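In: Just the structure for this:
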Amino acid sequence: MIVGGCDVGSATGKAVVMKNGEVTSYVIIPSTTKPEITAIEKAGLASLEDLEYIVGTGYGRLKVPFASENVSEITCHARGAHWLCPTVRTVVDIGGQDCKVMSISETGGVNEFVMNDRCAAGTGKFFEMMANRLDCGLEGLSVLSLQSENPAAITSQCSVFAESEVVTLINEGMELVDIAAGLHSSVAGRLSSMVRKVGLIEDVALTGGCAKNEGLAKALEDKLKVSVIKLPTDPQIAGAIGAAVIARERLSQKS
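Out: Numbers count the residues shown, from 1 in each chain. So this is what the prediction gives:
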């Protein structure tokens, strides 16, 4: 039984191939004009015909022409996180253009969720903007924040205004490590408010590209006063894994 999950986000396309319940290959590529096709082609397949069932998900899920079915990324990230770590009950997904928090059940179903897709603050795009402003790169932004003992106060909830605050702090001579830590703390504060809206239940896991940001994970732990667990594989493919898990279930039902 060979199935696939294709998660087309605003910034990247992710594809997972699952054979007999195990992930055999995956790929993450920058979003192009055809990220869904490129991702599947690079995931270790000779052709799409090798897959018995494909579930599409993500920002561009309706543009996956070869998908057997399309499923919400909220459902897929919940299922993917649960499949990777069955003890997870709260999932924080931070993508390129939005962020979501899900409270999930013992079986990986979504009990409740909240979503912010109206503002770039707290998303991958926000961190890219700030990394460019500090001229340190995304990885460098995380490294800098972990070195701070006195995070700056970043009060603006808007990306544009937050960037203006950063410029002011730089001109005032604030240490870059403290500015970086302040940015992470600001985002973590917004995320923690979303978590409390759905109800904080451990274990908590981060998914999406920003889940690789150790500075953000630490800042969120400080705000929530609980540990954020680290998933056993690349957290950016959690949605694609969830899509593949659902594809396998659908195929089993058909059989």
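
In: quick one: low-confidence ranges for the chain?
Out: Of all residues in the chain, those with pLDDT under 70 make up the ranges 32-47, 117-120.

In: Could you pull out the strands in it for me?
Out: 2-8, 12-19, 22-30, 53-57, 69-70, 90-94, 99-104, 110-116, 204-207, 228-229 (DSSP state E).

In: Show me the domain layout of the chain.
Out: As given by automatic domain parsing, the domain ranges for the chain are 1-85+233-255, 87-230.

In: Would you state the helices of the stretch 51-200 of the chain in chain order?
Out: 73-84, 124-134, 137-146, 159-171, 176-198 (DSSP state H, counting those that start in this stretch).

In: ok, back up a step: mind putting the strands of the chain into CSV with mean neighbour count?
Out: Using the backbone N, CA and C atoms, a C-beta is placed for each residue, glycine as well. Putting the strands of the chain into CSV (neighbours: other CB atoms under 10 Å) gives the following:
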stretch, mean neighbour count
strand 2-8, 29
strand 12-19, 26
strand 22-30, 15
strand 53-57, 27
strand 69-70, 16
strand 90-94, 28
strand 99-104, 24
strand 110-116, 16
strand 204-207, 26
strand 228-229, 18
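
In: and Met1, how far is that from Thr107?
Out: Met1 sits 20 Å away from Thr107, going by CB to CB, to the nearest Å.

In: out of these two, which sits in the busier spot?
Out: Met1 (13 against 9; other CB atoms under 10 Å).

In: isn't the more buried one right up against Arg248?
Out: Yes. Counting by CB atoms under 8 Å, Met1 does reach Arg248; the two are 6.5 Å apart.

In: who touches both of these two?
Out: Common contacts of Met1 and Arg248 (CB atoms under 8 Å, 6 or more residues apart in numbering): Gly21.

In: give me every residue that touches Phe113.
Out: Ile74, Lys100, Val101, Met102, Ser103, Val198.

In: Report the separation between the closest residue to the third one other than its chain neighbours and Leu48.
Out: Once flanking residues are discounted, Val101 sits nearest to Met194: 4.3 Å by CB to CB, 6 or more residues apart in numbering. Shown here: Met194 relative to Leu48, a distance of 37 Å by CB to CB.

In: quick one: which of the two has more around it?
Out: Set side by side, Met194 and Leu48 show more neighbours around Met194, with 18 against 14, by other CB under 10 Å.

In: Please identify the buried residues of stretch 157-166?
Out: Ser159, Ala162, Glu163, Glu165, Val166 (16 or more other CB atoms under 10 Å).

In: Can you show me the CA trace of stretch 124-143 as CSV?
Out: Extracted in CSV, the C-alpha atoms of stretch 124-143 (Å, rounded to 0.1, in the frame of the first residue of the first chain):
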residue,chain,number,x,y,z
GLY,A,124,7.5,32.8,8.8
LYS,A,125,7.2,35.9,6.7
PHE,A,126,7.6,38.0,9.9
PHE,A,127,10.8,36.2,10.9
GLU,A,128,12.2,36.6,7.4
MET,A,129,11.6,40.3,7.5
MET,A,130,13.3,40.7,10.9
ALA,A,131,16.2,38.5,10.0
ASN,A,132,16.8,40.7,6.9
ARG,A,133,16.5,43.8,9.1
LEU,A,134,19.1,42.5,11.5
ASP,A,135,21.2,41.0,8.7
CYS,A,136,21.6,37.7,10.4
GLY,A,137,19.6,35.1,8.5
LEU,A,138,16.8,33.0,9.9
GLU,A,139,19.1,30.6,11.7
GLY,A,140,21.2,33.4,13.0
LEU,A,141,18.1,35.1,14.4
SER,A,142,17.3,32.0,16.5
VAL,A,143,21.0,31.7,17.7
